[in-house]
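A.B. asks: Structure for this input, please:
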Amino acid sequence: QVSGGDDEIQQLQKALLDYLDENTEIDASLVFSRKFYIAQWFRDTTMETEKAIKSQKDEDSSEGTHHAKDVETTGQIMHRAESRKKFLRSIIKTAPSQFSTLKMNSDTVDYEDACLIVRYLASMRPFAQSFDIYLTQ
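C.D. replies: Next comes the predicted model:
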């Protein structure tokens, strides 16, 4: 269970990385999976920030005026992106063996929970969200 809020995805990411770290002794390929997820999430965060900046510039040039609500929304997106990047950087700097000290809670994530987390996080990706559009086209 994850408490709601802006950091829900970050808590799920932390739980998944913790699961991968705990099971690297069983399956060596999980080390690659862990690094891949960290890199992919960092890339996603960077892309989200770039899209926010681009959309803000496009709105400013098309309307000619500055809307405080749009700037605030873009600022919030950028702030959230920076906090996610900071989280991922701290994970990168932490050695995998030390990562177990950063656990979300004392409960461990089992295989079924890890699969559920992966499916949920994958459903949040842009391709998964627009899959029906691709199918109809």
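A.B. asks: Next, name the residue at the spatial heart of this protein.
C.D. replies: Trp41 (4.6 Å; CA atoms, centre = their mean).
A.B. asks: who's in contact with that one?
C.D. replies: Listed by CB atoms under 8 Å, 6 or more residues apart in numbering, the contact set of Trp41 reads Gln13, Arg84, Leu88. (Each C-beta comes from the backbone N, C-alpha and C, glycine too.)
A.B. asks: Against Asp7, how distant is it?
C.D. replies: To Asp7, Trp41 is 13 Å away according to CB to CB, to the nearest Å.
A.B. asks: Quick one: name whatever helix or strand follows the helix or strand containing Ile92.
C.D. replies: Using DSSP states H and E, Ile92 maps to helix 68-93. Toward the C-terminus, helix 68-93 is succeeded by helix 111-123 as the next helix or strand (DSSP H and E).
A.B. asks: by contact count, what packs against that next one?
C.D. replies: helix 8-22 (3 or more CB pairs under 8 Å, 6 or more residues apart in numbering; DSSP states H and E).
A.B. asks: if we go to 10 Å?
C.D. replies: helix 8-22, helix 29-63, helix 126-129 (3 or more CB pairs under 10 Å, 6 or more residues apart in numbering; DSSP states H and E).
A.B. asks: gap between the residue nearest to the centre of the chain and Thr74?
C.D. replies: Separation of Trp41 from Thr74 (CB to CB): 20 Å.
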